[in-house]
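*Asks:* need a 3D model of the sequence below.
(chains A, B and C)
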Amino acid sequence: MNLKEAFTVELEPIPPYSFELTLRKPAGWYWSTPEEIFEKGTCWSVTRFNGELLGLKLHSTGTIQKPQIHCTVYSRTKVDDSSKHAITRMLKRAIKAEEDLTGFYKLSQKDDILQGVVKDLYGMHTIGWPELFPALILAVSLQMAPMKRSNQMMDLLLANFGDQASFDGKTIHYWPSAQTIANAPVEELKDKAKLGYRAKNLKAIATALTQDFPSMDELSAMEPQEAKNKLLTLQGIGEYSAELVMPKTGFPLDVWSAKIFNVLFYGKIPEKPRDAIPALKVAAEQRWGNWRGYAFVYVLNDLPKLSKRIGIDLTKF
DNA sequence: GCGTCCAGGTCTACC
DNA sequence: GGTAGACCTGGACGC
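*Replies:* The predicted structure follows:
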C-alpha cells in the first residue's frame, strides 16, 4: 500500500534521552516491526492507528541532553486535526518522550547491579509498543519456544498475514491486523505460521481486540494493575505476557531472564528456574520498587558488558 | 536417516 | 491456594 506524507510534528523528549538506544535496543529488539529500517539517526517504521496503516519517519535532530525528534507521518488518507492530535499523543507515549529517568538514575547510584548498566546505556528509555496487537503477538510467540522458533512464527505471521507499507522510497512489512487474524481459520494459522497450540489463543486474542477492548493508549492511561488485569482476561495471556506488554511496573520474568537475575542476586543459576520466578519477582520489587521494570530492561540490554564486570557470561543462557 | 526430547507459559483438573 | 500435567511442533541431539 502506498502512503503519502500527511503531516509532521516535532517531539522534545525529557532528557536524558538517547534516540538510538531507545528505538533500537542493544539486545536487538525492534520498536514497532522487525522490518523497520534504522540508518544514522533516522528510523523508518510502520504502525496501525484506528485501522489505518501509518508510515513513520523519525529523525533525531538533537542530542542526549537536548533531545529533539522530527517525525513525518505518512497515510493513505487525509488526516484531520483531531487524528493528528491523537497520533502525536500515541507517538509521545511509544517513544517514551514523557518518561523522566531522574528517579531511576538516583536509585541506581546506590545499587551495584545498576551502577554500571546506567552508564553503559545512558539515556535509553524503556519499551513503548506503538500498538497493542503486535505486542501480544510477540508475547504469544515467545511462550514455550526457543528464540529461533519464536522468530520463525513471527516471520511467518508477517509474511503470510501481514501488510506492506510503501513510503519515502521504503517498503516495510507490518503485522497483521487483529481483524485479519480473527477472520483466519485456526488450521490456517497452524499451517502457515506454525503456531501450534498458540493458534487458538492468538485467534481468541484477536477476536477480543476487535470487540470492546481498550487500545494501548487507553491501557497506558489506566492504573498499571487495572491494565494488567484487563490483559489477563485474554485467553493465553498470563502474568509474564501481561507484564511484557505493559512493562510499566512489571518484572516479566521467564525462565531465561530468571536464570540471569538469579545469578545477579544470588550468584548461581537456580536448579529449577521456573520455580524460582515468584521469589525473584519479590526480590526485584524489594530492591527496585516501582523502578523494577526499568532495571529489567537495562540489565537485559547490557548483558555483554555486565558479564565482563561480574566475570560470569550471562549471554549464553 | 530416525527416534526422542523439550522449549524465553498458560490453563485446567484435581487435591 | 497450591500443584502436576497437557498443550503444538520444529529443531537439536544422540545414535
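*Asks:* restricting to C-alpha, output the helix or strand A:His59 falls within in CSV.
*Replies:* Taking DSSP states H and E as the criterion, A:His59 maps to strand A:52-60. The C-alpha coordinates for strand A:52-60 follow below in CSV (Å, rounded to 0.1, in the frame of the first residue of the first chain):
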residue,chain,number,x,y,z
GLU,A,52,-5.2,2.6,9.0
LEU,A,53,-1.6,1.9,8.3
LEU,A,54,0.7,4.8,9.0
GLY,A,55,4.3,5.2,7.7
LEU,A,56,6.6,6.9,10.2
LYS,A,57,9.9,8.6,9.6
LEU,A,58,11.6,9.6,12.9
HIS,A,59,14.7,11.6,12.6
SER,A,60,16.8,12.7,15.6
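*Asks:* which helices and strands does it pack with?
*Replies:* Other elements packing on strand A:52-60 under the criterion 3 or more CB pairs under 8 Å, 6 or more residues apart in numbering; DSSP states H and E are helix A:19-23, strand A:42-49, strand A:69-75, strand A:163-167, strand A:170-174. In this view, the C-beta of every residue, glycine as well, is placed from N, C-alpha and C.
*Asks:* can you give me the buried ones in that strand?
*Replies:* The neighbour-count check on strand A:52-60 (16 or more other CB atoms under 10 Å) flags A:53-60 as buried.
*Asks:* paired strands for that strand, with orientation please.
*Replies:* Paired neighbours of strand A:52-60 in the sheet (DSSP bridges): strand A:42-49 (antiparallel), strand A:69-75 (antiparallel).
*Asks:* from the chain's centre, how far out does the last one sit?
*Replies:* If I follow you right, that is strand A:69-75. 20 Å (CA atoms, centre = their mean, to the nearest Å).
*Asks:* buried ones in whichever helix or strand comes after it?
*Replies:* Later in the chain than strand A:69-75, the nearest helix or strand by DSSP H and E is helix A:81-94. Buried residues in helix A:81-94, defined by neighbour count with 16+ other CB under 10 Å: A:83, A:86-88, A:90-94.
*Asks:* could you export the residues you listed to CSV, including columns for distance to DNA strand B?
*Replies:* Formatted as CSV, those follow (distance: CB to the nearest atom of the strand, whole Å):
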residue, distance to DNA strand B
A:Ser83, 33
A:Ala86, 29
A:Ile87, 29
A:Thr88, 31
A:Met90, 25
A:Leu91, 25
A:Lys92, 26
A:Arg93, 22
A:Ala94, 20
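*Asks:* quick one: those as a markdown table, columns for pLDDT too.
*Replies:* A markdown table is the format used below for these (pLDDT from 0 to 100):
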| residue | pLDDT |
| --- | --- |
| A:Ser83 | 98 |
| A:Ala86 | 98 |
| A:Ile87 | 98 |
| A:Thr88 | 98 |
| A:Met90 | 98 |
| A:Leu91 | 98 |
| A:Lys92 | 98 |
| A:Arg93 | 97 |
| A:Ala94 | 98 |
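*Asks:* nearest to DNA strand C among these?
*Replies:* A:Ala94 (30.6 Å; CB to the nearest atom of the strand).
*Asks:* residues in contact with that closest one?
*Replies:* Shown in contact with A:Ala94 (CB atoms under 8 Å, 6 or more residues apart in numbering): A:31-32, A:47, A:128-130, A:216.
*Asks:* all set, thanks.
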